[in-house]
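> Any chance you can model this:
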Amino acid sequence: MPVPFQLRQPRFVYCGSDAVGLIPELLKRFASSRSFVVLDQGLVNTPVAARLCELLPATTKLFTETTPDPSVDLVDSVTSVARAHGADLVIGVGGGSAMDLAKAVSVLVSNPDSAAEYQGFDLVKRAGVPKIMIPSTTGSGAEATWSAVLVNRQLGKKGGINSPYILPDVAILDPLITMSAPRSVALSSCVDALTHAIESYTAKNATPMSRVCSDAALRLILGSIVEACDPSARTEGVMLNMLQGSYWAAVAIGGSETGPCHALGYPLGVRFAVPHGLANALLLPHVMEFNVSRCVEVYALVAELLEPGTASLDREASARRAPSLISGLFARLGLEVSLRSFGITADQLSDLAVQGLQLRGPLENAPRPLDIDNAREIYRKSLDPAPVVA
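Below is the predicted model of the structure:
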């Protein structure tokens with residue numbers, strides 16, 4: 001008998017230019033009179049912030065001192081501010097870090113313990129206040145997930161508050177919010193979305209429904225990523241496609257979970273502060289090269305989307321082209337990064353391999369089993385910028 005599966009999404013998703021204009025209506029729908037807004041620090045003094053101020057009532061409390069990779073201490077501190085305000089709804093506007101902070105605060109205002117006590121699965125005891133997430137980047141997909149990833153600096157670890165109560169009530173995908181994203185931010189976030197799409201599609205835990213989302217995400221992302229990463233080539237249509245691609249990739253990850261790229265990227269972020277999207281960019285072509293024998297159909301689709309001429313090849317030949325085509329795409333985007341560019345040296349690779357195998361969930365979800373020698377070899381290939389050769 002087939003194993004039952006589920007797919008979690010926000011209750012409402014609104015897409016389109018100036019979709020943020022729906023905020024006053026949404027505040028009425030949720031009977032909110034004391035909203036609390038977490039605004040990404042990078043959006044302060046921008047047209048995005050000005051537009052939000054036009055839409056939000058005077059009783060709104062605004063928090064802007066966000067940080068990359070929010071810590072449990074920051075969540076606890078901001079929660080105290082939100083409680084003192086009497087927050088009855090939380091809005092998160094920004095990248096994944098700002099939205100994860102907002103999601104965690106929305107839950108903690110109704111739960112008494114420190115954020116650290118809820119890191120794990122299904123540890124949150126009661127629902128928080130309603131939450132609306134508005135991404136300003138096209139990568140993390142935090143507007144669609146039931147996890148808020150936080151750093152515990154005392155333990156030197158990163159982990160998620162994973163709970164249905166974390167899932168946003170509303171996601172607003174407004175391309176106007178993303179149009180001014182700096183190139184560096186766009187590069188990192190778009191590669192993050194692409195990695196979500198590929199890893200969710202090839203995951204052992206993928207379901208028929210999650211694969212539909214992965215497929216849609218892959219086509220939307222690969223069809224718009226080049227223009228989305230070039231500020232001079234962006235259009236509202238391109239950014240809406242990237243937003244939708246990022247959203248569907250995140251929904252797919254919620255149904256399938258992540259894979260080896262995320263596991264191996266974990267110590268790069270914790271130990272060396274490599275941004276999550278760039279860690280994916282470093283690793284993805286080499287992880288794909290390792291997995292190619294187990295992912296023929298998906299990788300053949302990747303190859304055909306990037307190089308339509310590969311459709312004339314047999315499926316295995318097309319699939320073998322995919323890692324080098326992804327490597328070429330990253331070069332075209334200007335992602336000439338390497339582990340060495342973040343201060344990582346060859347004598348640290350063995351330790352990295354040990355740490356990269358600590359996240360058992362993503363590794364057990366991998367299409368091909370990965371051991372310490374495989375991990376070390378993937379890191380070695382990522383040490384210096386070099387294309388994958390088909």
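> Point to the residue nearest the middle of this structure.
S140 (2.1 Å; C-alpha atoms, centre = their mean).
> Does it fall in a helix, a strand, or a coil region?
Here S140 is coil, with the state taken from DSSP: H, G, I helix; E, B strand; the rest coil.
> how about the helices in the stretch 251-390 of the chain?
Shown for the stretch 251-390 of the chain, the helices assigned by DSSP state H, counting those that start in this stretch span residues 260-272, 276-291, 296-306, 315-333, 349-356, 360-364, 372-381.
> mind putting those helices in a markdown table, mean pLDDT included?
Compiled in a markdown table, the helices of the stretch 251-390 of the chain are given as follows (pLDDT from 0 to 100):
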| stretch | mean pLDDT |
| --- | --- |
| helix 260-272 | 93 |
| helix 276-291 | 94 |
| helix 296-306 | 97 |
| helix 315-333 | 95 |
| helix 349-356 | 96 |
| helix 360-364 | 93 |
| helix 372-381 | 97 |
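> from the ones you listed, which stretch is densest packed?
helix 276-291 (a mean of 25; mean count of other C-beta atoms under 10 Å). The way it works is simple: take the backbone N, C-alpha and C, and place the C-beta from them, glycine included.
> Distance of F63 relative to P4?
40 Å (C-beta to C-beta, to the nearest Å).
> So which of these two has more stuff around it?
Counted by other C-beta atoms under 10 Å, F63 and P4 do not tie: F63 has more neighbours, with 20 against 6.
> pLDDT score for the more buried one?
pLDDT for F63: 98.
> what's it in contact with, if anything?
Residues in contact with F63, defined by C-beta atoms under 8 Å, 6 or more residues apart in numbering, are F36, V37, V38, L39, V78, V81, A82.
> Okay, and the first one sits in which element?
Spelled out, that is F36. Using DSSP states H and E, the element containing F36 is strand 35-39.
> Strand partners (parallel or antiparallel) of that strand?
Strand 35-39 pairs in its sheet with strand 61-63 (parallel), strand 89-94 (parallel), by DSSP bridges.
> and the shortest one, how far from the chain's centre?
Read that as strand 61-63. Distance, stretch centre to chain centre, for strand 61-63: 24 Å (C-alpha atoms, centre = their mean, to the nearest Å).
> Following element in sequence after it, please.
As assigned by DSSP H and E, the chain's next helix or strand after strand 61-63 is helix 72-85.
> between that following helix and strand 89-94, how big is the angle?
Computed by axes from the mean of the first three to the mean of the last three C-alpha atoms, to 10 degrees, the angle separating helix 72-85 from strand 89-94 equals 140 degrees.
> And helix 72-85, what does it pack against?
When contacts are defined as 3 or more C-beta pairs under 8 Å, 6 or more residues apart in numbering; DSSP states H and E, helix 72-85 sits against strand 35-39, strand 61-63, helix 96-108, strand 147-152.
> now with 6 Å?
Packed against helix 72-85 by the contact rule (3 or more C-beta pairs under 6 Å, 6 or more residues apart in numbering; DSSP states H and E) you find helix 96-108.
> helices or strands up against the helix it packs on?
Other elements packing on helix 96-108 under the criterion 3+ C-beta pairs under 6 Å, 6+ apart are strand 35-39, helix 72-85, strand 89-94, strand 147-152.
> Quick check: what element follows it along the chain?
As assigned by DSSP H and E, the chain's next helix or strand after helix 96-108 is strand 120-121.
> what does that following strand contact?
N162 (C-beta atoms under 6 Å, 6 or more residues apart in numbering).
> Mind listing the strands that strand pairs with, and their directions?
Under the criterion DSSP bridges, strand 120-121 sits next to strand 157-162 (parallel) in its sheet.
> The partner strand relative to helix 96-108, how many degrees between them?
Interaxial angle, strand 157-162 versus helix 96-108 (the same axes, to 10 degrees): 50 degrees.
> buried set for strand 157-162?
K158, G159, G160, I161, N162 (16 or more other C-beta atoms under 10 Å).
> Output those residues in a markdown table; the columns should cover pLDDT and distance to L349.
Shown next, in a markdown table, are the buried residues of strand 157-162 (pLDDT from 0 to 100; distance: C-beta to C-beta, whole Å):
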| residue | pLDDT | distance to L349 |
| --- | --- | --- |
| K158 | 86 | 21 |
| G159 | 90 | 24 |
| G160 | 94 | 27 |
| I161 | 97 | 32 |
| N162 | 96 | 30 |
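> Now distance to S97 too, for those, in TSV please.
What follows is these, written out as TSV (distance: C-beta to C-beta, whole Å):
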residue	distance to S97
K158	12
G159	15
G160	13
I161	14
N162	17
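> out of those, which one sits closest to E377?
Nearest to E377, judged by C-beta to C-beta, of the buried residues of strand 157-162 is K158 at 24.4 Å.
> Quick check, that closest one in contact with V151.
Yes. Between K158 and V151 there is a contact at 4.9 Å, judged by C-beta atoms under 6 Å.
> Identify the residues contacting N152.
Contacts of N152 (C-beta under 6 Å, 6+ apart): V72, A116.
> let me fix that: M239
M239 neighbours (C-beta under 6 Å, 6+ apart): P175, T178.
> mind listing what's buried in the host helix or strand of it?
Secondary structure assigned from DSSP H and E places M239 in helix 236-256. Neighbour-count burial for helix 236-256 flags 238-256 (criterion: 16+ other C-beta under 10 Å).
> Run the chain-centre distance for stretch 50-65.
25 Å.
> just the CA coordinates of it, formatted as PDB?
Extracted in PDB, the C-alpha atoms of stretch 50-65 (Å, rounded to 0.1, in the frame of the first residue of the first chain):
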ATOM      1  CA  ALA A  50       8.400  53.800   2.200                       C
ATOM      2  CA  ARG A  51       5.700  51.700   0.600                       C
ATOM      3  CA  LEU A  52       5.200  49.600   3.700                       C
ATOM      4  CA  CYS A  53       4.900  52.800   5.800                       C
ATOM      5  CA  GLU A  54       2.100  54.000   3.600                       C
ATOM      6  CA  LEU A  55       0.200  50.700   4.100                       C
ATOM      7  CA  LEU A  56       0.800  50.100   7.800                       C
ATOM      8  CA  PRO A  57      -1.200  51.800  10.600                       C
ATOM      9  CA  ALA A  58       0.400  54.100  13.100                       C
ATOM     10  CA  THR A  59       0.100  51.400  15.800                       C
ATOM     11  CA  THR A  60       2.600  49.200  14.000                       C
ATOM     12  CA  LYS A  61       5.900  48.400  15.700                       C
ATOM     13  CA  LEU A  62       8.900  48.200  13.300                       C
ATOM     14  CA  PHE A  63      12.100  46.200  14.000                       C
ATOM     15  CA  THR A  64      15.000  46.600  11.600                       C
ATOM     16  CA  GLU A  65      18.100  45.400  13.400                       C
END
